[in-house]
Every structure is written in structure tokens, then in C-alpha cells.
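J.: let me see the structure of the following:
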Amino acid sequence: MFKQCKINTWFFVGHSIGITLLALHTLEYAYFSIEKERRGKMFIVVTQNPFFYQSILAVYSNIEIIQLSLKNIPKLFFIYFRHILQEHLVFHPMAFSEPHLVFKLYTKLITIPKRKSRSVAFVADTILNKVCFSVRLPKNLKQSIFLSMEQAVSNVLPVKDSLPFSILFEINKSKSINKLTDYIMLHPYAASPVRSLPFVRWVDIVLYLQSLSPKTSIILSGGPNDRSQAELLMSKVGKNIFFIEDIAKGSFKKKIQIIAQAKYYIGVDTGITHLASMLGKKSLVIASNSNPCWLPSYNPLATIIMNTKNCTCTGDKQGDCFVYINNLRYYRCLIEIPQEVIKSEINKNLKL
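T.: Now for the predicted structure:
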């Protein structure tokens with residue numbers, strides 16, 4: 001009897017936690033839609049140092065990370081020729097710009113040997129894109145990017161069942177961080193201040209949290225560049241607050257446990273917030289309308305707040321929806337969220 005070849009799945013990513021989590025969901029969604037006997041390898045193609053991804057993907061032994069670089073050409077060709085007779089499905093995430101030319105050409109190289117191989121991207125129908133991608137989809141900037149990627153999979157596979165928005169992880173409930181067992185996690189920092197609130201508003205939020213639940217500790221998360229701001233914040237609000245530096249790096253297993261064991265999560269729209277949502281945490285997301293497709297709307301336990309009354313965002317990080325406070329730029333639809341609305345949502349969720 002003729003044995004059908006394996007189907008391998010590929011995902012091309014950028015350098016962020018959010019896009020890596022999107023890659024995991026897309027690859028698993030495709031993997032479990034393929035007949036069991038035909039499930040092949042899963043590849044994530046990156047341009048940055050793969051260490052960042054390896055810490056996140058440590059529990060995904062069936063996913064291989066490939067760095068697309070000149071020094072890695074021998075490995076790229078080894079993988080290519082090793083799987084050349086197999087079928088491939090290649091996915092590119094919906095983005096606000098076109099995939100890099102190198103990504104396009106490598107996609108074509110992957111899919112050209114086997115006629116049934118397919119590639120999917122959210123791009124315009126240009127001549128080059130028609131050559132490089134089998135399926136070209138329009139962008140829906142109002143819909144969750146996670147749902148858009150599921151639809152991308154359904155364009156090349158007979159999808160059978162929906163897949164929960166979650167990631168693999170293990171929690172050791174006997175362990176705690178700084179001997180804390182009752183804590184709220186607060187992630188006030190974004191890669192740019194434009195996606196956060198002014199310092200004084202975070203001080204007010206922390207003081208409010210402490211007034212609601214004096215015995216509950218607060219863990220601040222952020223990167224090395226946020227340490228000085230975190231220390232200043234801690235000096236303003238007293239005891240029972242701690243800073244966990246650079247939760248995006250180091251022992252991902254340890255970091256994920258910190259989030260998973262939190263009583264409640266409060267954060268701005270960033271990769272750590274997606275991680276909390278994929279862990280199913282009850283969350284408050286203080287967001288803007290700059291790119292709503294990336295908001296964690298897939299988490300039923302997440303409350304997402306913004307103020308669109310004066311918003312001019314166009315959904316693609318454009319629209320000049322900004323205000324300036326002390327020479328720092330903020331999204332208007334975020335900065336105009338009334339402080340009392342934030343407090344009201346915190347109060348409501350902590351009482352549930």
C-alpha cells in the first residue's frame with residue numbers, strides 16, 4: 001500500500017514574546033488538524049539569536065528553531081534536503097508590513113519541490129507575492145490575530161476541532177516566589193512609554209491595590225531598563241511590593257510559574273500580558289486602540305479597557321492618536337481612560 005509522505009509545518013516569526021506565542025498556537029492548530037500518521041516536524045524560523053525562543057519552547061520538544069542567517073546556511077540546506085520529498089505548510093503571521101524578501105524566497109524554496117506544499121501570508125496580490133505564496137489573504141485588523149491565523153490554517157487544511165488558547169507548562173505548587181503565596185502581578189512597563197501610563201498613575205494604582213487588600217503582596221515585572229522606575233515606585237508605596245527583573249528572559253519555566261500562581265494580573269498591552277492570557281489568568285489589560293488585533297480578546301477572563309471617544313487610531317499603529325505629558329508621548333485612547341474606571345475594574349475583579 002502506498003505510504004503518504006509526512007506534512008511539515010513552518011512559521012516565520014519576529015523577535016517578541018507575543019509573536020512566539022502566536023507561532024505556538026498556529027503550529028499546534030495545524031499539527032492537530034493533520035492526520036496523525038502524517039504529522040511531521042514543526043519549524044519556527046527566526047532571524048535573531050535563537051536563545052530567546054529556546055527558553056520559551058523548552059517544553060515543546062517537537063518544534064525545531066532555525067535561525068535564518070548567512071552563517072547558518074549549511075544547516076538550512078541540510079534541513080531542506082533532508083525533508084525535500086515531504087509536504088510542507090508554511091505560515092507567515094499577519095503584520096503591518098510585508099514579509100522580508102529573504103523570508104519570501106526561502107518560503108518559495110521550501111514549497112517548490114513538492115507540488116502539494118502550500119504557503120499562506122497576509123499580503124497583496126503583487127507579482128512577487130503570487131510567485132512566493134500559494135494563498136494570499138486580506139488583513140482584518142479588527143479581528144484577533146490568533147483567530148486570523150486559525151483561518152489561515154483552515155485555508156490549507158481541513159480543520160476538525162478548535163484548539164484552546166493555551167501553552168504547555170508545569171506548576172510546582174510547593175514552590176513560591178520570595179515565599180509569597182498571595183500576590184497580584186503588575187506589569188506597568190512597555191517597550192515604549194507610549195503604551196503605558198504616567199508614573200504617578202501607577203503609584204496611585206498600587207496604593208489603591210494595597211488599600212483593597214493590605215495583606216496581598218504585589219509583584220512588579222519588567223526588564224533591566226525598568227529597574228530604576230520600579231525602585232522609585234516601590235519607594236513611594238511602602239512595603240509588600242517586589243520587583244522581578246526581566247521576566248522575558250532567563251528561566252522561562254520559573255517566570256511562567258510566577259505568572260501562573262498570581263491571584264490577579266494587571267498589565268499594559270505587551271507580550272507578558274499575552275503570556276498571562278494564554279495561562280488563563282484573570283486579568284485587567286490597560287490598552288490602546290493602536291492595533292486591536294493584538295489584544296488578548298481570546299481570554300474570557302481578561303477585561304480590556306480603553307477610551308475611544310477621541311481616538312484617531314487606524315488599527316495599524318497609525319492615526320496620530322497621541323498626547324504629550326512632560327515631553328513623553330502616550331496613546332490618547334489609553335491615557336484618557338479615567339483612573340476611576342481602572343480602579344472600578346480592579347475592585348470588581350478582586351471581589352469575584
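J.: and the residue nearest to residue 145 when sequence neighbours are not counted, how many neighbours does it have?
T.: Nearest non-adjacent residue to residue 145, counting by CB to CB, 6 or more residues apart in numbering: residue 293, 4.5 Å away. Heads up, the C-betas are built off the backbone N, CA and C, glycines and all. Neighbourhood size, residue 293 [other CB atoms under 10 Å]: 19.
J.: test my guess that residue 293 contacts residue 96.
T.: No. Residue 293 lies out of contact with residue 96 (CB atoms under 8 Å); the separation is 9.6 Å.
J.: by mean pLDDT, point me to the weakest helix or strand of this protein.
T.: Across the helices and strands of the chain, mean confidence by mean pLDDT, DSSP states H and E is lowest for helix 51-56: a mean of 72.
J.: what's that one packed up against?
T.: In terms of contacts (3 or more CB pairs under 8 Å, 6 or more residues apart in numbering; DSSP states H and E), helix 51-56 is packed against helix 17-31.
J.: show me what the helix it packs on is packed against.
T.: strand 7-12, strand 39-46, helix 51-56, strand 87-91, helix 145-154, helix 271-278.
J.: give me the contacts around the fifth one.
T.: Read it as helix 145-154. 22, 25-26, 29-30, 33, 91, 93-94, 120, 122, 135, 137, 139-140, 159, 162-163, 165, 293-294, 298 (CB atoms under 8 Å, 6 or more residues apart in numbering).
J.: how about that helix: buried residues?
T.: 145, 146, 148, 149, 150, 152, 153 (16 or more other CB atoms under 10 Å).
J.: ok, then the element right after that helix?
T.: strand 183-187 (DSSP states H and E).
J.: which parts of that following strand are buried?
T.: So strand 183-187, judged by 16+ other CB under 10 Å, has buried residues 183, 184, 185, 186, 187.
J.: shaky segments in the stretch 151-300 of the chain?
T.: 168-179, 245-252 (pLDDT under 70).
J.: if you set the cut-off to 50 instead, what comes out?
T.: 248-249 (pLDDT under 50).
J.: re earlier: I'd like the helices and strands packed on helix 17-31 as TSV, with distance to residue 303 appended.
T.: Below are the helices and strands packed on helix 17-31 laid out as TSV (distance: least, CB to CB, whole Å):
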stretch	distance to residue 303
strand 7-12	30
strand 39-46	31
helix 51-56	26
strand 87-91	30
helix 145-154	18
helix 271-278	11
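J.: wait, which of those is closest to residue 197?
T.: Closest to residue 197 of those is helix 271-278 (CB to CB; 14.0 Å).
J.: hang on, the earlier thing: who are the packing partners of whichever helix or strand comes after the least confident helix or strand of the chain?
T.: Using DSSP H and E, the next helix or strand after helix 51-56 towards the C-terminus is strand 63-67. Other helices and strands packing on strand 63-67, by 3+ CB pairs under 8 Å, 6+ apart, are strand 39-46, helix 73-82.
J.: could you redo the last one with a cut-off of 10 Å?
T.: Judged by 3 or more CB pairs under 10 Å, 6 or more residues apart in numbering; DSSP states H and E, the packing partners of strand 63-67 are strand 7-12, helix 17-31, strand 39-46, helix 51-56, helix 73-82.
J.: what angle do it and helix 17-31 make?
T.: 130 degrees (axes from the mean of the first three to the mean of the last three CA atoms, to 10 degrees).
J.: by how many degrees do strand 63-67 and strand 39-46 diverge?
T.: 30 degrees.
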